[in-house]
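J.: Sequence and predicted model, in that order:
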Amino acid sequence: PARTDGGKRLSAATVVVQYVTIRDSRLSDSAGSVTPYSETVGSGKALVLRDGKEYAGRWERSSASGGTSFTDDEGNGISFARGPVWVALAPEP
């Protein structure tokens, strides 16, 4: 488990898996390994995990300066639990 400097276990009330296109960027590290670039402007599938349940849906973000919305299959917003939210960017399935 991940822990703080003080030893407290880290956790999140909501975890979002946001499926995105991941491609090579123009950047690389000192060993020459290419740094990946995750495309987070656009739309795609998402999975929201909270309160012991999973909610399949979609994400949408119209510009790099805007926020991301998460909706269920009917277009209703998916709410997050009160507390920390972790977003994991994963390659499109």
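T.: Yep, it's here. Predicted, not measured: the structure shown is a model, and the values here were computed from it.

J.: As a check, name the ranges of all strands in this protein.
T.: Ranges of strands in the chain, per DSSP state E, are 14-28, 34-39, 42-50, 53-61, 69-71, 85-91.

J.: which other helices and strands contact the shortest one?
T.: Pointing back at strand 69-71 there. Strand 69-71 sits against strand 53-61, with contacts defined as 3 or more Cβ pairs under 8 Å, 6 or more residues apart in numbering; DSSP states H and E. The way it works is simple: take the backbone N, C-alpha and C, and place the C-beta from them, glycine included.

J.: So what's the gap between the strand it packs on and the chain middle?
T.: In this view, strand 53-61 has its centroid 10 Å away from the chain centroid, taken as Cα atoms, centre = their mean, to the nearest Å.

J.: likewise stretch 65-80?
T.: 12 Å.

J.: could I get that stretch in CSV with only the CA atoms?
T.: Output in CSV follows, covering the C-alpha atoms of stretch 65-80 (Å, rounded to 0.1, in the frame of the first residue of the first chain):
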residue,chain,number,x,y,z
SER,A,65,-8.1,24.3,-20.6
GLY,A,66,-11.4,22.8,-19.6
GLY,A,67,-12.5,20.1,-17.2
THR,A,68,-13.6,16.6,-17.9
SER,A,69,-17.2,15.4,-17.5
PHE,A,70,-18.1,11.8,-16.8
THR,A,71,-21.6,10.5,-17.8
ASP,A,72,-23.4,7.1,-17.7
ASP,A,73,-24.7,5.4,-20.9
GLU,A,74,-27.8,7.6,-20.8
GLY,A,75,-25.9,10.8,-20.5
ASN,A,76,-26.5,11.5,-16.8
GLY,A,77,-23.6,12.8,-14.8
ILE,A,78,-21.8,10.2,-12.6
SER,A,79,-21.3,11.6,-9.1
PHE,A,80,-18.1,11.1,-7.1
